[in-house]
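Colleague: Got a predicted structure here, sequence first:
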Amino acid sequence: MMRFAVVDIECTGGAWGEEKIIDVAIFILEDGEIVDQLVSLVNPQKAIDPYVTKLTGITNKMVRTAPKFYELAKRVVKITEDCTFVAHNIGFDYRVFQQEFDSLGFDYHRATLDTIPYAERIFPDWENYGLKTVSKELELVNAARHRAEGDARITVDLLKILLEKDRSSVFQEVHISRDASVAKNPFKEQVKNLQNKVGIYYIFNAEDEIIYIGTSKDLQNSINRHFVADNKVALALQEEAVRLEVEDIGNEAIAEILYHKTVELHRPIYNAVKKKKLLNYGIFPEPKKSATVEFVKVFPIRHQLPQFFFESPKRLYPWLQRLMMEHKLDPQSFLLDKDRPHYEKHAQPLVWKPEAKSVSLFDMRKAMLPDEAVLVGPGRKGQEKCAIIVEQSRVLGYTYFYLSTDGLNRAQLKKRMVDLDSDAYTIGVISHFWNKGYLKELTT
């Protein structure tokens, strides 16, 4: 019998890795029923960003007398014991939980299940998989959006529906915890210090051939997982695996780019042929092979590769709107009839006077990234940063540095950077993480 701890949190905001919980909800689901729960505001012992207050309604005054996380920690450990940790977009919730426990000197690990990829498989035709869409598509009522309890209850309802539809394969969605997998893992000593490390790993066979390449935001958990799964492919991989190599990259954007380049180069036998990428929507300018674009087509990426990659329509259409506004293009002629309803749904209701009938492909590419910039994000450890060099809206390469000791000397960073091919996918990934705020533009 599986027990699920369905979790949602709200946080203070702020720099990546420095967020603190201000609102937590945990519902224990067993045999389709909630058998225990923990719902509480949390005193983060730091100020809440104004945009978070605007989004959630949670003010500094409201959390001033709330329990601090360390006062709830024992209850959290107890209530989630022997449970699979479930969240909608689990990367954030689980990471922040581990941050909070790490600050208390406690190593918190649970098997995990993310309802987003699970829902993507069960409901492949949805436009996106945010909780707002979940509520609309499944006709669920969220009485308190952007509050931990309201969002956690919606996630509970979603999980129940997913289990009812596909309970037989739920174990495929569960990321097995370190304790459950360590006994069978021949690389247990090698991965013991890789918790929450971002990077790429390579599994070799006895002939020293790469048989699998993976990437993860938690290398320890992902590698361990290979040695718990018992499907046919996993058992074959376990039988052949004799050596592991790990690249600690530290930065999700660079890891995503290098991972797909490496898989395309080596094509390991156990990597899925059609592994889903981070960016799965594309813009296809028309006419093809022309420097001047008269209209564009928007499609999910299947066989043909686009010239511009995006994560979702929610990201793609606002970008198109900014492009059309800047170059005074008419949406009625620049977009296909099939795309205009999606454009109207995802873009703002803005109007401008159209003056142009086309835009250069060069100007479209320039709209993806700053003209010249150093984009900085997390590095591999401590205060180390990863710098990505952009010139003429093209990605040149990346390197690591310490802002406190190295400063932001562009010329020095370029001398020691690792070159990157500035292809459409690389530009799309860097643009995606820049627009998310994961990468920040710093002036030299």
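Modeller: The structure has been received and is ready for your questions.

Colleague: Can you check the pLDDT for the residue nearest in space to the middle of the chain?
Modeller: Central residue check for the chain by C-alpha atoms, centre = their mean: the C-alpha nearest the mean position is that of Gly91, 6.8 Å away. Looking at Gly91, its pLDDT stands at 81.

Colleague: Where does it sit: helix, strand or coil?
Modeller: helix (DSSP: H, G, I helix; E, B strand; the rest coil).

Colleague: Excluding residues flanking it in the chain, which one is nearest it?
Modeller: Leaving aside its chain neighbours, Gly91 sits nearest to Lys217 (5.9 Å; criterion: C-beta to C-beta, 6 or more residues apart in numbering). Every C-beta, even on glycine, is put in place using the N, C-alpha and C of the backbone.

Colleague: gap between the one you found and Thr112?
Modeller: Using C-beta to C-beta, to the nearest Å, one obtains 12 Å as the distance from Lys217 to Thr112.

Colleague: These two: which is more packed in?
Modeller: Counted by other C-beta atoms under 10 Å, Lys217 and Thr112 do not tie: Thr112 has more neighbours, with 23 against 15.

Colleague: mind checking the SS state of that one?
Modeller: At Thr112, secondary structure determined by three-state DSSP is strand.

Colleague: Make residue 1 into 44 and carry on from there
Modeller: New numbering, starting at 44: the last item is Thr155.

Colleague: quick one on the thing from earlier: so who does the residue nearest to Gly134 touch?
Modeller: Taking C-beta atoms under 8 Å, 6 or more residues apart in numbering, we find Lys260 in contact with Gly134, Arg138, Asn239, Val241, Glu295.

Colleague: swap in Gly293?
Modeller: Lys240, Val241, Gly242, Pro421, Gly422, Arg423, Lys424, Glu427, Cys429, Tyr443.

Colleague: Make sure it is indeed in a helix.
Modeller: No - going by three-state DSSP, the assignment for Gly293 is coil, not a helix.

Colleague: which residue sits closest to it, ignoring its sequence neighbours?
Modeller: Of all residues not flanking Gly293 in the chain, Arg423 sits nearest, at 3.4 Å (C-beta to C-beta, 6+ apart).

Colleague: right, and that neighbour touches Asp291 too?
Modeller: Yes - in this structure, Arg423 is within contact of Asp291 by C-beta atoms under 8 Å, at 5.1 Å.

Colleague: tell me, what's touching the two both at once?
Modeller: Overlap between the contact sets of Arg423 and Asp291, as judged by C-beta under 8 Å, 6+ apart, is given by Lys240.

Colleague: ok, now how distant is Asn314 from Leu206?
Modeller: Between Asn314 and Leu206 the computed distance is 29 Å (C-beta to C-beta).

Colleague: Could you list the low-confidence segments of the stretch 144-293 of the chain?
Modeller: 210-227, 271-274 (pLDDT under 70).

Colleague: how about the helices of it, start to end?
Modeller: 158-165, 174-181, 191-209, 221-224, 231-234, 262-268, 275-283 (DSSP state H, counting those that start in this stretch).

Colleague: Can you spell out which helices and strands pack onto the last one?
Modeller: The helices and strands touching helix 275-283, judged by 3 or more C-beta pairs under 8 Å, 6 or more residues apart in numbering; DSSP states H and E, are strand 253-259.

Colleague: buried set for the strand it packs on?
Modeller: In terms of neighbour count (16 or more other C-beta atoms under 10 Å), strand 253-259 has its buried residues at Ile253, Ile254, Tyr255, Ile256, Gly257, Thr258, Ser259.

Colleague: Can you list the strands that that strand pairs with?
Modeller: When pairing is defined by DSSP bridges, strand 253-259 lines up against strand 242-247 (antiparallel).
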